[in-house]
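# my questions are about this predicted structure, shown below with the sequence.
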Protein chains: 2
Amino acid sequence: MANSSAVAVQVFSLNCWGIRYLSKQCAQRFAMIGDMLSNGEHDIVLLQEVWSEKDFLGLKKKLAFSHPHSHYFKSGVIGSGLAIFCKYRIHDTFLYRYSLNGYPYMAHHGDWFGGKAVGLAIIQIGNLTANVYVTHLHAEYCREKDSYLPHRIVQAWELQQFIRHTSAGADAVIVGGDLNMHPQDLGSRLLRSYTGLRDAYLETSQFDGCEDELGPFEKGIRIDYILFKGSAKAEIHCDWMSTTKGSIPEKPFPYSDHEALTVELRVKALRLQDPALGHLVDILTEARTEVKVGLHCAERMRYTATRTGIMGLALLILELAIAAVPWLALGAEQPFPRTSFYLLATLCCTILITTFLLYIFYTMELKSLQGAEDQMRLAVGSLQERLRGVTVDHTPLRKPPEGEEPGAFDKEE
Amino acid sequence: MANSSAVAVQVFSLNCWGIRYLSKQCAQRFAMIGDMLSNGEHDIVLLQEVWSEKDFLGLKKKLAFSHPHSHYFKSGVIGSGLAIFCKYRIHDTFLYRYSLNGYPYMAHHGDWFGGKAVGLAIIQIGNLTANVYVTHLHAEYCREKDSYLPHRIVQAWELQQFIRHTSAGADAVIVGGDLNMHPQDLGSRLLRSYTGLRDAYLETSQFDGCEDELGPFEKGIRIDYILFKGSAKAEIHCDWMSTTKGSIPEKPFPYSDHEALTVELRVKALRLQDPALGHLVDILTEARTEVKVGLHCAERMRYTATRTGIMGLALLILELAIAAVPWLALGAEQPFPRTSFYLLATLCCTILITTFLLYIFYTMELKSLQGAEDQMRLAVGSLQERLRGVTVDHTPLRKPPEGEEPGAFDKEE
């Protein structure tokens, strides 16, 4: 790799349909997906709709040997559902949450609560810096009367903005995910034209799947994509692409309600790159401590909100029970204290609603704090490894000279 | 500029303290700020706390000749408060909203409703691409017991992530804003060390202001900054920096509760750059149309919510008035229909709360849609100008050859 020869990278993308208790055979399917991925064929695994962190942790455990590096992107009330597993070390991650994502009162569509986003992971493939993006856009529930179209257009716009603005320093760009748009939809065209990303399906030399552009898969439409582009420093070609075709041989059901995509990209470095590095471990450790203090505090506050909420509920039940006594004892003559009843019930309901909103808020705060902490942990690990002079993934990394002052990084330009 | 000689760029930054009806002399101060800026001394003006879009529009009108290019960053319920006025054409903008920003129930602190963010504007200075960032971090209300510290650390972390990941393609980086952190605070160090940004105050050859590092200004602390860095393609030096010093000669009160910063940066191109361009005007126009449809729809929904809310309020007032009649007529013998009264009152309150929440939600949606539409309009304008082969700001732009197919941009790598 270090001598500029081409390297083959297998990229896998799947929308896992992982809504616990709602998606069919969710646990069994995640077990199947884990088994399949643990074969270690794929270098980069991009997953969407891993809604439960428990499912992510299950996969992480299973893939500890085949894919030692991973990141789960936290966002919104439930999470972004986005996860990456990788054979290459992940040096840095960043999440951009779309500013629009449906409506909270359309709870049956659920998109709003998911905090849909685009996640970025920066890895080194040989001497090349690759920006790997995973994303999931707002679902399309009715193609004829799509009230979410402006939201999806804004998401596609923000996605291309994010990719364009963050990938200027990358030698290779790989994007995988469920765009919820057909290839010729406005959002797809906007994304591809503005970023110059190429669609693996259209570029591949070999394709193992159905041939019809708009209906290559059994379920009919193509909304999952793997896109890529090179740079002045790297050339990328797509050697082959394959997809699952509904059922899986010797398995009772498919991996998901989406087909899984696999592509093999041939990445060729055009010339070597020598990145300048500095060390920031102390400052990052201090920042992590502060964030952990915040995490601890938010956890405590959420616990208090939960406890108060339970007390409010208990009080409400108690009140209803007390109210039920004269109602059941039909002979009783005492007048029912209506005013007190309504006032107390209003109080209980207020407590319940307030604590519920606080619970949601603290959950969002926890996710954001955890997300930042995860990113910082990754960054510290990456910096420490570089400081020790260890070359990761065959990357020739410059060890800072002895006696170089800590602030020297400030002067890099 | 085209012959690689140095160009002087004056950058101005001010937290305008622009909360309508709450900040003292808000309208008069904005008039003063507008008058001062319209002199046209400053090339790039970065403003924070322009909370009301009306104040932005007022400034825009006043600065139409001195600073023909401007952008107002929309975010959250109220807005980000961030604005940029510029003599250079703004080619592209992007907004990143911090994932954490205080608590909604700390309404007296107000930060949560502001949707604090970092805005990016991309301009051309001669042949150089400059990324200009404007930001405002969560306020510090109590330095000794700062419960928002983890939130501000996460914001500083996200700010450095955003700058680092989006500035790889930039030849020069300029950051201005109110960081609400002292120079030696953890967040400041994190930002400067990780990005390599240099502090104009520490780098300037000449300084016109108080000399004490932590108390350079009359009010005592330094939390407003202009930071910058060059690249392999550009060298930047800070020739001088000046600040306001509380009162303004011949004016009854200062511009703000913050001091205004002005720096003169000397930007020198190290070698020429020839950006490759393509055209996407049609696709962008189509996307703008879709976003406008969404805007129209959201406006209608917000109007409906407002109308329903007003009806709920009217119903509640009517009910209270009807209830007041037997209460006032003390002699009346009829029993008060308590159950109906409470049920109807609950209904009215539910309507009021729901429509209020919907109103807030649609306002946020409108801001996001408008924000994307603004960005698209800028992008279309920039592309159209380039397509016409007009050179803007002395930038040599390549006119696409006659007969070049519209999709040619796809193949740029």
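Everything's here; your move. Numbering: from 1, shown residues only, chains lettered A, B, ... in the order given.

# ok, and the closest non-adjacent residue to A:Asp208?
Computed as Cβ to Cβ, 6 or more residues apart in numbering or on different chains, the closest residue to A:Asp208 that is not its neighbour in sequence is A:Ser242, at 3.9 Å. For the C-beta atoms, the positions are set from N, CA and C on the backbone; glycine is no exception.

# so the one you found touches A:Phe207, yeah?
Yes. Using Cβ atoms under 8 Å, A:Ser242 makes contact with A:Phe207 at a distance of 7.4 Å.

# domain parsing for chain A?
By the record's domain assignment, chain A is partitioned as A:7-275, A:279-388 (automatic domain parsing).

# so can I have a markdown table of those showing mean pLDDT?
Formatted as a markdown table, the domains of chain A follow (pLDDT from 0 to 100):
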| stretch | mean pLDDT |
| --- | --- |
| domain A:7-275 | 87 |
| domain A:279-388 | 80 |
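
# just the ones you listed: most buried one?
domain A:7-275 (a mean of 20; mean count of other Cβ atoms under 10 Å in any protein chain shown).

# quick one: is the longest helix along chain A near chain B?
Counting by DSSP state H, the longest helix found in chain A is helix A:338-387. Yes. Helix A:338-387 reaches chain B (Cβ under 8 Å from any Cβ of the partner chain) through A:338-339, A:342, A:358, A:361, A:365, A:368-369, A:371-372, A:375-376.

# now the most centrally placed residue in chain A: phi and psi?
Nearest residue to the geometric centre of chain A (Cα atoms, centre = their mean): A:Leu82, 1.9 Å. Per-residue torsions, A:Leu82: phi -100, psi 140 (degrees, to the nearest 10).

# and it, how far from chain B?
Shown here: A:Leu82 relative to chain B, a distance of 14 Å by Cβ to the nearest Cβ, to the nearest Å.

# swap in A:Gly81?
16 Å.

# wait, that residue touches A:Glu49, no?
Yes. A:Gly81 is within contact range of A:Glu49, at 4.7 Å (criterion: Cβ under 8 Å).

# mutual contacts of the two, please.
By Cβ atoms under 8 Å, 6 or more residues apart in numbering or on different chains, A:Gly81 and A:Glu49 have these common neighbours: A:18, A:136.

# and the host helix or strand of A:Ala31, what does it pack onto?
Element membership for A:Ala31 (DSSP states H and E) is helix A:26-37. Under the contact criterion of 3 or more Cβ pairs under 8 Å, 6 or more residues apart in numbering or on different chains; DSSP states H and E, helix A:26-37 touches helix A:53-62.

# adjacent strands (with direction) for the helix or strand that the helix it packs on is followed by?
Proceeding N to C from helix A:53-62, the next assigned helix or strand is strand A:69-72, under DSSP H and E. Strand A:69-72 pairs in its sheet with strand A:83-86 (antiparallel), by DSSP bridges.

# how close does A:Ser80 get to chain B?
11 Å.

# just the CA atoms of the helix holding A:Ala31, as CSV, please.
Extracted in CSV, the C-alpha atoms of helix A:26-37 (Å, rounded to 0.1, in the frame of the first residue of the first chain):
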residue,chain,number,x,y,z
CYS,A,26,-35.7,-7.9,15.1
ALA,A,27,-33.4,-9.7,17.6
GLN,A,28,-33.0,-12.8,15.3
ARG,A,29,-32.2,-10.6,12.3
PHE,A,30,-29.5,-8.7,14.2
ALA,A,31,-28.0,-12.0,15.2
MET,A,32,-28.0,-13.1,11.5
ILE,A,33,-26.5,-9.8,10.4
GLY,A,34,-23.8,-10.1,13.1
ASP,A,35,-23.0,-13.7,12.1
MET,A,36,-22.7,-12.7,8.4
LEU,A,37,-20.5,-9.6,9.1
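
# ok, and what's touching that helix?
By Cβ under 8 Å, 6+ apart, helix A:26-37 touches A:12, A:14, A:16-20, A:23, A:45, A:47, A:55, A:58-59, A:62-63, A:66-67, A:85, A:248, A:251, A:253-256.

# switch the cut-off to 6 Å
Contact with helix A:26-37 is made by A:18, A:20, A:45, A:55, A:59, A:62-63, A:255, as judged by Cβ atoms under 6 Å, 6 or more residues apart in numbering or on different chains.

# confidence score at A:Pro396?
For A:Pro396, the pLDDT comes out at 32.

# let me see the ranges of the strands in chain A.
Counting by DSSP state E, chain A has strands at residues A:6-15, A:44-48, A:69-72, A:83-86, A:90-97, A:117-125, A:128-136, A:172-178, A:198-199, A:206-208, A:224-229, A:234-243, A:261-269.

# any idea which of the ones you listed gets closest to B:Ala121?
In terms of Cβ to Cβ, the element of those nearest to B:Ala121 is strand A:90-97, at 17.5 Å.

# mind checking how far the residue in the stretch 301-413 of chain A positioned nearest to chain B is from A:Gln375?
Relative to chain B, the nearest point of the stretch 301-413 of chain A is A:Ser368 (4.0 Å; Cβ to the nearest Cβ). Distance, A:Ser368 to A:Gln375, using Cβ to Cβ, to the nearest Å: 11 Å.

# the residue nearest to A:His42 when sequence neighbours are not counted bridge partners, please.
Leaving aside its sequence neighbours, A:His42 sits nearest to A:Phe12 (Cβ to Cβ, 6+ apart; 4.0 Å). For A:Phe12, the beta-bridge partners are A:Val45, A:Thr262 (DSSP bridges).

# tell me the contacts of A:Phe12?
Counting by Cβ under 6 Å, 6+ apart, A:Phe12 touches A:42, A:45, A:262.

# residue contacts, A:Ala200?
Contacts of A:Ala200 by Cβ under 6 Å, 6+ apart are A:226, A:238, A:241, A:263.

# that one and A:Trp240, how far apart?
Per Cβ to Cβ, A:Ala200 is found 9 Å from A:Trp240.

# do the same with A:Gly312
Distance of A:Gly312 to A:Trp240, computed by Cβ to Cβ: 59 Å.

# returning to that earlier point: what angle do the longest helix of chain A and helix B:338-387 make?
Orientation check (axes from the mean of the first three to the mean of the last three Cα atoms, to 10 degrees): helix A:338-387 against helix B:338-387 gives 30 degrees.

# for helix A:338-387, packing partners?
Judged by 3 or more Cβ pairs under 6 Å, 6 or more residues apart in numbering or on different chains; DSSP states H and E, the packing partners of helix A:338-387 are strand A:90-97, helix A:281-328.
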